[in-house]
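In: Provided below are the primary sequence and the corresponding predicted coordinates.
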Amino acid sequence: MDSTTRRFAFAFRMLMAWTFLYAASHQVLNPKFSAAMFLSNTKTFHDLYAPLTNPAYDPILTFLVSYGHLAIGVSLLLGLAVRISSLAGIALLLTYWTAHMEWPYIENHNNLIVDYHIVYATVCLFLFASNAGHVLGLDKFAARLPLVQKHRLLRMVIG
């Protein structure tokens, strides 16, 4: 990877870390946050998300969303397991994209099909493809550990 690509990989990783950590701060620290309440407002994919709005699932779903944001953000910040956290980030972002959709608009009439969720998901795809955790991140060091070198799954996660 050339030096310009390395700089972008690091910058994008830090920007996405901030994005996920900031989202987590509004969810983890807010006892009123409810993932089910958010999903109950979907329009285009309402039938897909409606079962998840069941009050019995809300504590589990809220925990997974809140702490998922936190875990992704910390992973990206430290540059550890960036490949898996970037894939998790893409999954979350695409979920939000569909949840905000009122086809063909996303959130409002200023966003026709593409909005920041798609842009962020593309940045996460770049982080995955470029092994961004190896650029000033802990993935570079973790890849050298005998445990990681010994196990194929860990090598795939670390890159």
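Out: Alright, I've got the coordinates.
In: for the chain, longest strand please?
Out: Ordering each strand of the chain by length in residues (DSSP state E) puts strand 108-112 first.
In: For Phe126, which residues are in contact?
Out: Shown in contact with Phe126 (CB atoms under 8 Å, 6 or more residues apart in numbering): 8-9, 12, 132. Just so you know, the C-beta spots here come from the backbone N, C-alpha and C atoms, and that holds for glycine as well.
In: got a markdown table for those, with distance to Ile106 and pLDDT too?
Out: Putting those into a markdown table (distance: CB to CB, whole Å; pLDDT from 0 to 100) gives the following:
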| residue | distance to Ile106 | pLDDT |
| --- | --- | --- |
| Phe8 | 25 | 97 |
| Ala9 | 27 | 97 |
| Phe12 | 22 | 98 |
| Ala132 | 26 | 97 |
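In: Buried subset of those residues, written for PyMOL?
Out: In PyMOL, a selection of the buried entries from these looks like this (16 or more other CB atoms under 10 Å):
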select buried, resi 8+9+12+132
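In: Name the nearest of the contacts of Phe126 relative to Ile113.
Out: When these are compared for distance to Ile113 (CB to CB), Phe12 wins out at 22.5 Å.
In: Would you give the sheet partners of the longest strand of the chain, along with the direction of each?
Out: strand 105-106 (antiparallel) (DSSP bridges).
In: What average pLDDT does the partner strand get?
Out: For strand 105-106, mean pLDDT is 89.
In: returning to what we had before: quick one: the helix or strand just after the longest strand of the chain to strand 108-112, angle?
Out: Moving toward the C-terminus from strand 108-112, the first helix or strand encountered (DSSP states H and E) is helix 116-129. For helix 116-129 against strand 108-112, the angle by axes from the mean of the first three to the mean of the last three CA atoms, to 10 degrees is 40 degrees.
In: and helix 116-129, which residues are buried?
Out: Of all the residues in helix 116-129, those buried under the rule 16+ other CB under 10 Å are 116-117, 120-121, 123-124, 126-128.
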